[in-house]
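Quick one, structure for this:
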Amino acid sequence: MLAELIVTDYYYLKLTELMMFFHRFKASRYGQFYGNISPMTITNALRAFMRERMDVYCKHEEKEQRKRREESLARSISWEEYCQQQGTPGKPHPLEMFAPASREEEKKAKASKADDESFVLKYARDIITSGLVGHLLANIREKFAQRYGATPEQYISTHQTVQQ
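This next block holds a predicted model:
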């Protein structure tokens, strides 16, 4: 019965791993036992073994991943070196088209979007119809009022007539 349970629940264990578990179990690594050993004692010890096994596996994976990354970095070259090899020195990096020209321009773009009248009206409507309740909604409403000087309802009532 216990053997069936182990085969069913721990089918992925290799025979050598089971041998290691029973060796450690007999050596009292998972607690001492006296007299007869119950199936529950063995399965509890097997769970502890599985935690150890997972820890070892994760450490091994991290080590292998670190090794692969270091090997990859050793073989990698910069964009400038690549352009030199291809005979196109000075070619702009392909990701530059997505980057803002400067931090100041990025801040200005964010500020103008946040202060755009239609954006703020939509934001206010979204807050009202969001379905949020409690502390989170109160914080959002408070931040809105601090930034725009009115509750979402007040903002909509005073600015909606201006747009129409």
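
Let me see the domain layout of this structure.
Per automatic domain parsing, the domain ranges recorded for the chain read 2-75, 116-163.

Could you tell me the least trusted of these?
Ranked by mean pLDDT, the domains of the chain bottom out at domain 116-163, with a mean of 78.

Sticking with residue 18, tell me its helix or strand.
helix 15-26 (DSSP states H and E).

repeat for residue 3
Per DSSP H and E, residue 3 falls inside helix 2-9.

One more: residue 85?
Here residue 85, judged by DSSP H and E, is contained in helix 79-86.

Extract the CA atoms of that helix and return them as PDB.
Coordinates of each C-alpha in helix 79-86 appear next as PDB, following Å, rounded to 0.1, in the frame of the first residue of the first chain:
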ATOM      1  CA  TRP A  79      26.300  47.600 -31.600                       C
ATOM      2  CA  GLU A  80      29.200  49.700 -32.700                       C
ATOM      3  CA  GLU A  81      31.400  46.600 -33.100                       C
ATOM      4  CA  TYR A  82      28.700  44.900 -35.100                       C
ATOM      5  CA  CYS A  83      28.400  47.900 -37.400                       C
ATOM      6  CA  GLN A  84      32.200  47.900 -37.900                       C
ATOM      7  CA  GLN A  85      32.100  44.200 -38.800                       C
ATOM      8  CA  GLN A  86      29.200  44.800 -41.300                       C
END
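
Run through the neighbouring helices and strands of that helix.
Helix 79-86 is packed against no helix or strand, with contacts defined by 3 or more CB pairs under 8 Å, 6 or more residues apart in numbering; DSSP states H and E. All C-beta atoms are positioned from the backbone trio N, CA, C, and that covers glycine.

so how far is that helix off the chain centroid?
Relative to its chain's centre, helix 79-86 lies at 34 Å (CA atoms, centre = their mean, to the nearest Å).

Also stretch 41-58?
That offset, for stretch 41-58, works out to 26 Å (CA atoms, centre = their mean).

ditto for stretch 5-14
Centre-to-centre, stretch 5-14 and its host chain are 31 Å apart (CA atoms, centre = their mean).
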